[in-house]
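*Asks:* Give me coordinates for this.
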Amino acid sequence: PSIGEALTPSLWGVAFAKDARLSIVVAPASLLLGQGMMTASSALAMLQLPVASKILLVLGGATYTVSKAGLGVLQHSTLALGLPESMLVSGFCILVGTTHATRALTYWLVPHILQQHGVLGVQMSL
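*Replies:* I've put the predicted structure just below:
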């Protein structure tokens, strides 16, 4: 995992440098694909298909993780290209602040959704 944490953002940086538009489309699409695979894994587990469920969960988790690392790199790269130098610090502060606020809201909402709708409900809402 440690090598992947260091290597994956670097690969997304290279992808952004080669074709920014394509990488901006692929990263969120991959995130959605990984989330969908994990949701389908939960549905397969409820249908008593444990092997298929586990395979889909691992593949979905890997896809999600790889694309999640890319989103951070792409957000910062796009921000750096789009803002004038005089506004970079403010832009990065706003980006980090909204990211932390979104994470805090997610940490607050997930237990409530889990309690009322179960794991599949959490997967569907995220």
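*Asks:* mind checking how far Gln48 is from Ala17?
*Replies:* According to CB to CB, to the nearest Å, Gln48 and Ala17 sit 47 Å apart. In short, each C-beta sits where N, CA and C put it, glycine included.
*Asks:* More neighbours: these two, which one.
*Replies:* Each of Gln48 and Ala17 has its neighbours counted (other CB atoms under 10 Å); Ala17 has more, 10 against 7.
*Asks:* Can you check the pLDDT for the more buried one?
*Replies:* Looking at Ala17, its pLDDT stands at 91.
*Asks:* Any figure for the gap between it and Ser10?
*Replies:* Distance from Ala17 to Ser10, by CB to CB: 11 Å.
*Asks:* now do Gly70
*Replies:* From Gly70 over to Ser10 the distance is 11 Å, taken as CB to CB.
*Asks:* buried residues in stretch 26-40?
*Replies:* For stretch 26-40, a neighbour-count test (16 or more other CB atoms under 10 Å) marks Val26, Ala27, Ser30, Leu31, Leu33, Gly34, Gln35, Met37, Met38, Thr39, Ala40 as buried.
*Asks:* again, but for stretch 112-124
*Replies:* By neighbour count on 16+ other CB under 10 Å, the buried set for stretch 112-124 is Ile113, Val122, Gln123.
*Asks:* What ranges in the chain fall below the confidence cut-off?
*Replies:* Confidence mapping of the chain against pLDDT under 70 gives the ranges 1-5.
*Asks:* Go ahead and flag the most central residue of it.
*Replies:* Nearest to the geometric centre of the chain sits Lys68, at 3.3 Å (CA atoms, centre = their mean).
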